[in-house]
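Q: just coords:
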């Protein structure tokens, strides 16, 4: 994928994270729906992981290699 598409994807995922945190999670907590709040927390974590993966793909090759070696 091109860098432009990755940037748009990153913006979209960031927007989804904000919606889940600011609207959906707050509403579930206010209503006292613990199961739904737990689901949104898991969804937020999944989206954050996806965001990190996409941000890594935008990095130059040399920085991606450095990240991979640090993780091992």
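A: Thanks, I have the structure now. Quick caveat: nothing in here was measured; it's all calculated off a predicted structure. Residues are numbered from 1 along each chain as shown.

Q: check which residues of the helix or strand where residue 50 lies are buried.
A: Taking DSSP states H and E as the definition, one finds residue 50 inside helix 34-58. The neighbour-count check on helix 34-58 (16 or more other Cβ atoms under 10 Å) flags 37, 40, 44, 47, 51, 54 as buried. C-beta here means a position set from N, CA and C on the backbone, and glycine is covered the same way.

Q: for residue 25, state which of those is nearest.
A: Residue 25 lies nearest to residue 40 out of those, by Cβ to Cβ, at 4.4 Å.

Q: you'd agree that closest one is up against residue 20?
A: Yes: the pair residue 40 and residue 20 passes the contact test of Cβ atoms under 8 Å, sitting 5.4 Å apart.

Q: any stretches of the chain with poor pLDDT?
A: Residues of the chain that meet the criterion pLDDT under 70 lie in 1, 72.

Q: now the residue nearest the centre of it: how far from residue 3?
A: With distances taken as Cα atoms, centre = their mean, the residue of the chain nearest its centroid is residue 48 (2.3 Å). Using Cβ to Cβ, to the nearest Å, residue 48 is found at 21 Å from residue 3.
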